[in-house]
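Novice: need coordinates for the following:
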Amino acid sequence: MNLTILGCYAATPRTFTNPTSQVLEIRNRLFLIDCGEGTQVQLRKNKIKFSKINQVFISHLHGDHFFGLIGLISTFALLNRTTDLHVYGPKGIKEIINLQLRLSNSWTKYGLFFHELESKESEVIFEDDKVIVKTIPLNHRVYTNGFLFQEKIRERKLNLDAVQNYEIDKCYYQNIKNGKDITLDDGRIIENHKLTFDPVPPLSYAFCSDTAYDESIIPYIKEVDVLYHESTFLDSEEALAGKTMHSTAKEAATIALKAKVKQLVLGHYSTRYENIELFKEQAETIFPNILLADDGKSFEF
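Specialist: Residues are numbered from 1 along each chain as shown. The predicted structure follows:
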């Protein structure tokens, strides 16, 4: 599982920082999460192929999380994209994008599908044979969702020595990897665990931004492998965090601790701070496994 941070700063873009956008690669799927202004430039800088992006997830309709979407959609059209693009986001995202396409007479020749979200409960919004994506209801000034990405359990691994010892024909290998027991010609039933090894444990990633401190999300992110939680402010601006419905670094760390996640990635920093290391220092007083997001940084889990 690979996470590439395209942008992780709050509010406005600057010459050296970008608003929220990131790419999650899991089981050979590329998911674009949020699409702040400048996202397509960051994709190019980080050598991420446009053609591999088929799903875009927008957390909420504040500009620093989706103002780059119309530009990306338009560029896809100019590049003669033919593959369908699916956009998952709050109700209103379709109207916003279609208005811009209509008034500029810039309709796409590829399929552009909007999956508008309104539920305040967690729901499955994407699923294929390898990955499932669910919403995480967040607490912000406008309707907002985080996203939980979960690998599905992989096939079991063949114990070739055991399989060959029982002289099992290769035509049964797929059934064995699918977890089925095997009946030999002499009538003996060989239980699956004697023929296979456990698969690699499935990985999970939770994206939670933007949000005030809210313990109601803990059941949705319990024991995830990686949690990205916004940390807009330091302790000195705790009152402002409450007023604007954002979180501090310590609050993000508290959520990580209570949810028993394995790794916390901090991001969505206010641009008032010159040194983001301060976020890690404050968070580590509560939770030990802290990574700092930064534009252009990639993590492998």
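
Novice: what's around Thr285, how many residues?
Specialist: Thr285: 11 surrounding residues under other C-beta atoms under 10 Å. Heads up, the C-betas are built off the backbone N, CA and C, glycines and all.

Novice: so where do the strands sit in the stretch 101-250 of the chain?
Specialist: Ranges of strands in the stretch 101-250 of the chain, per DSSP state E, counting those that start in this stretch, are 112-117, 124-127, 131-137, 145-151, 157-158, 182-183, 189-190, 196-197, 204-208, 226-230.

Novice: deepest of those strands, which one?
Specialist: strand 226-230 (a mean of 28; mean count of other C-beta atoms under 10 Å).

Novice: by how many degrees do that strand and strand 204-208 diverge?
Specialist: 0 degrees (axes from the mean of the first three to the mean of the last three C-alpha atoms, to 10 degrees).

Novice: which outside residues touch strand 226-230?
Specialist: 1, 3, 22, 203-211, 221, 246-247, 252, 255-256, 259, 261-268, 293, 299, 301 (C-beta atoms under 8 Å, 6 or more residues apart in numbering).

Novice: between that strand and strand 145-151, how big is the angle?
Specialist: 170 degrees.

Novice: pretty sure Phe279 is touching Ala249, no?
Specialist: Yes: taking C-beta atoms under 8 Å as the definition, Phe279 is a contact partner of Ala249 at 4.2 Å.

Novice: quick check: which of the strands of the stretch 101-250 of the chain is nearest to Ala10?
Specialist: With C-beta to C-beta as the criterion, Ala10 lies closest to strand 226-230 of the strands of the stretch 101-250 of the chain, at 8.1 Å.

Novice: chain center to that closest one: distance?
Specialist: Here strand 226-230 shows a centroid-to-chain-centroid distance of 9 Å under the convention C-alpha atoms, centre = their mean, to the nearest Å.

Novice: can you turn the buried part of the contacts of strand 226-230 into a ChimeraX selection?
Specialist: Typed into ChimeraX, the line below selects the buried ones among the contacts of strand 226-230, using 16 or more other C-beta atoms under 10 Å:
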select :1,3,22,203,204,205,206,207,208,209,210,211,221,246,247,252,255,256,259,261,263,264,265,266,267,268,293,299
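
Novice: can you redo the strands of the stretch 101-250 of the chain as JSON lines with distance to Asn275?
Specialist: Formatted as JSON lines, the strands of the stretch 101-250 of the chain follow (distance: least, C-beta to C-beta, whole Å):
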{"stretch": "strand 112-117", "distance to Asn275": "36"}
{"stretch": "strand 124-127", "distance to Asn275": "37"}
{"stretch": "strand 131-137", "distance to Asn275": "30"}
{"stretch": "strand 145-151", "distance to Asn275": "27"}
{"stretch": "strand 157-158", "distance to Asn275": "46"}
{"stretch": "strand 182-183", "distance to Asn275": "60"}
{"stretch": "strand 189-190", "distance to Asn275": "61"}
{"stretch": "strand 196-197", "distance to Asn275": "47"}
{"stretch": "strand 204-208", "distance to Asn275": "23"}
{"stretch": "strand 226-230", "distance to Asn275": "18"}
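
Novice: tabulate the ones you listed (TSV), appending distance to Leu69 and mean pLDDT.
Specialist: Shown next, in TSV, are the strands of the stretch 101-250 of the chain (distance: least, C-beta to C-beta, whole Å; pLDDT from 0 to 100):
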stretch	distance to Leu69	mean pLDDT
strand 112-117	11	98
strand 124-127	17	98
strand 131-137	18	98
strand 145-151	16	98
strand 157-158	41	94
strand 182-183	51	94
strand 189-190	53	94
strand 196-197	43	95
strand 204-208	16	98
strand 226-230	19	98
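
Novice: and those strands: which comes nearest Glu37?
Specialist: strand 226-230 (17.7 Å).

Novice: on that earlier part again, which residues are in contact with each of Phe279 and Ala249?
Specialist: In contact with both Phe279 and Ala249: 231, 234, 266, using C-beta under 8 Å, 6+ apart.

Novice: from those, pick the one nearest Gln40.
Specialist: Distances from Gln40 to the shared contacts of Phe279 and Ala249, taken by C-beta to C-beta, are shortest for Leu266, at 25.0 Å.
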